[in-house]
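Chemist: Here's my sequence, what's the structure:
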Amino acid sequence: MTTDPRPRRPVVVVTGLSGAGKSSVLRALEDLGFEAIDNPPLRMVGELLGGEPAGAAPLAIGIDARRTDFDGAAAERLVEDLRARADLDVTLFFLIAEDEVLLRRYTETRRRHPLAPQGRVSDGIARERALLEPLGAAADIVLDTSALAPADLRAMIEAQFGGDNQGAITIGVVSFSYARGLPREADLVFDVRFLRNPHYVDALRPLTGQDAAVDAYVAADPDFGAFWARMTGLLDALLPRYVREGKKYLTIAFGCTGGRHRSVAVAERMATHLRTQGWRATVVHRELWKSAPPETGASRPAPPPDAAAAAEVR
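Modeler: Got it, this is the predicted structure:
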């Protein structure tokens with residue numbers, strides 16, 4: 001039996017909820033050298049990929065429910081047909097966001113929802129979720145952009161699809177607060193609320209897990225060492241198996257009470273550990289900019305301007 005030596009052409013199908021970041025992802029992919037085509041008729045996608053010479057540029061295709069004849073099941077069948085082709089390496093990238101975030105983005109940018117041009121934005125969001133359900137179920141990567149700044153979203157795209165990284169697994173590490181719910185994109189979740197809480201130390205309360213003093217306090221917990229050894233041992237064994245199964249993106253989430261101290265410190269340590277093991281890892285702290293204390297001097301990122309972020313992440 002002979003094997004075709006030609007490399008497969010990378011194709012990224014970008015879809016998801018309007019306002020969740022599809023345009024931003026397509027622009028980021030275009031900057032990485034992809035040919036980007038936004039919302040072509042489904043019947044034309046096969047023609048776009050037919051008869052391409054070897055070495056053709058990677059292609060990013062945006063698909064959404066704006067067209068009146070859109071059929072989510074037909075779009076999912078199209079993706080499966082593309083996946084079956086031996087000359088293509090297809091990734092289905094599905095973007096979501098919380099309803100309240102989508103509503104805010106539409107309000108701040110004064111845009112109408114494409115599926116409710118004369119009605120309520122909330123009705124358009126609900127209709128679109130139903131239409132896109134088959135694509136969401138078939139996606140290789142599902143990313144919730146609710147708490148992502150535009151720069152974080154771009155960094156994730158560059159880590160996953162930039163240069164020689166195409167086709168390899170990218171690991172997203174997320175810290176979060178249990179009070180605000182689990183990250184919907186999380187594959188593995190670790191609860192670090194059993195560790196002693198820096199919030200109850202006056203000198204540490206205004207800081208975050210990105211500060212050395214907080215990190216040292218968390219790591220000095222008597223139970224931290226055993227927890228860390230067992231967790232990293234588990235992940236070091238699991239990650240190669242995920243790669244062999246063809247998983248392209250994995251999200252590891254760490255939660256604590258407020259999402260500012262313990263989860264942040266452990267997430268930072270985990271991202272560093274993964275990088276030293278040769279994995280590509282990005283880190284996002286979902287709650288840092290949401291829960292800033294009134295004290296000054298905390299070393300933490302400034303919140304992204306909501307209006308600017310809403311205009312960019314769409």
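Chemist: Now the nearest residue to G62 once chain neighbours are set aside: phi and psi?
Modeler: Among residues not flanking G62 along the chain, D38 sits closest, at 4.0 Å (CB to CB, 6 or more residues apart in numbering). From N, CA and C alone the C-beta is placed, and that goes for glycine too. Main-chain dihedrals, D38, degrees, to the nearest 10: phi -100, psi 120.
Chemist: can you check T107 too?
Modeler: Per degrees, to the nearest 10, the backbone of T107 is at phi -60, psi -50.
Chemist: List the contacts of it.
Modeler: Contacts for T107 were tallied using CB atoms under 8 Å, 6 or more residues apart in numbering; they are V121.
Chemist: what about it, distance to V121?
Modeler: As for T107, its distance to V121 is 8 Å (criterion: CB to CB, to the nearest Å).
Chemist: Then A179?
Modeler: Relative to V121, and taking CB to CB, A179 is found at 27 Å.
Chemist: ok, now how distant is the closest residue to Q277 other than its chain neighbours from Y242?
Modeler: Distance criterion CB to CB, 6+ apart; nearest residue to Q277, sequence neighbours excluded, is D236 at 6.8 Å. Using CB to CB, D236 is found at 12 Å from Y242.
Chemist: H113 too?
Modeler: H113 is 36 Å from Y242, by CB to CB.
Chemist: residues of stretch 131-141 that come out buried?
Modeler: 131-132, 134-136, 138-141 (16 or more other CB atoms under 10 Å).
Chemist: thinking again about what came up before, show me which of D236 and Y242 is the more surrounded one.
Modeler: Y242 (17 against 13; other CB atoms under 10 Å).
Chemist: tell me which element that one falls in.
Modeler: Using DSSP states H and E, Y242 falls within helix 224-244.
Chemist: State the mean pLDDT of that helix.
Modeler: Average pLDDT, helix 224-244: 94.
Chemist: Could you double-check that A203 lies in contact with D211?
Modeler: No - between A203 and D211 there is no contact under CB atoms under 8 Å: 10.5 Å.
Chemist: Which one of A179 and V121 is surrounded by more residues?
Modeler: In this view A179 and V121 are compared by other CB under 10 Å, and V121 has more residues nearby, 20 against 12.
Chemist: List the contacts of G162.
Modeler: Residues in contact with G162, defined by CB under 8 Å, 6+ apart, are L32.
Chemist: and if you look at R196?
Modeler: R196 makes contacts with 217-218, 221, as judged by CB under 8 Å, 6+ apart.
Chemist: so what pLDDT did it get?
Modeler: So R196 comes in at 97 (pLDDT).
Chemist: Got phi/psi on it?
Modeler: According to degrees, to the nearest 10, R196 has phi -60, psi 150.
Chemist: Repeat that for M44.
Modeler: According to degrees, to the nearest 10, M44 has phi -90, psi -10.
Chemist: Repeat that for R9.
Modeler: Backbone torsions for R9, taken as degrees, to the nearest 10, come to phi -80, psi 120.
Chemist: That one: how many residues sit nearby?
Modeler: R9 has 19 neighbours, counted by other CB under 10 Å.
Chemist: and what of D144?
Modeler: Using other CB under 10 Å, D144 has 21 neighbouring residues.
Chemist: wait, isn't it in contact with I96?
Modeler: Yes - using CB under 8 Å, D144 makes contact with I96 at a distance of 5.2 Å.
Chemist: can you list residues touching both of these two?
Modeler: 184-185.
Chemist: I'd say G172 and W279 touch.
Modeler: No - with contact defined as CB under 8 Å, G172 does not count as touching W279 (11.1 Å).
Chemist: Looking at those two, which is more packed in?
Modeler: A side-by-side neighbour count of G172 and W279, using other CB under 10 Å, places G172 first with 25 against 18.
Chemist: in the sheet, who's paired with the more buried one?
Modeler: As for beta bridges, G172 partners with T251, T282 under DSSP bridges.
Chemist: roughly how far apart are it and P41?
Modeler: 33 Å.
Chemist: Over to V14?
Modeler: For V14, the distance to P41 - CB to CB - is 16 Å.
Chemist: of the two, who's got more company?
Modeler: Shown here are V14 and P41; by other CB under 10 Å, V14 has more neighbours (27 against 10).
Chemist: so what's the more buried one up against?
Modeler: The contact partners of V14, taken as CB under 8 Å, 6+ apart, are 22, 25-26, 29, 60-63, 93, 95.
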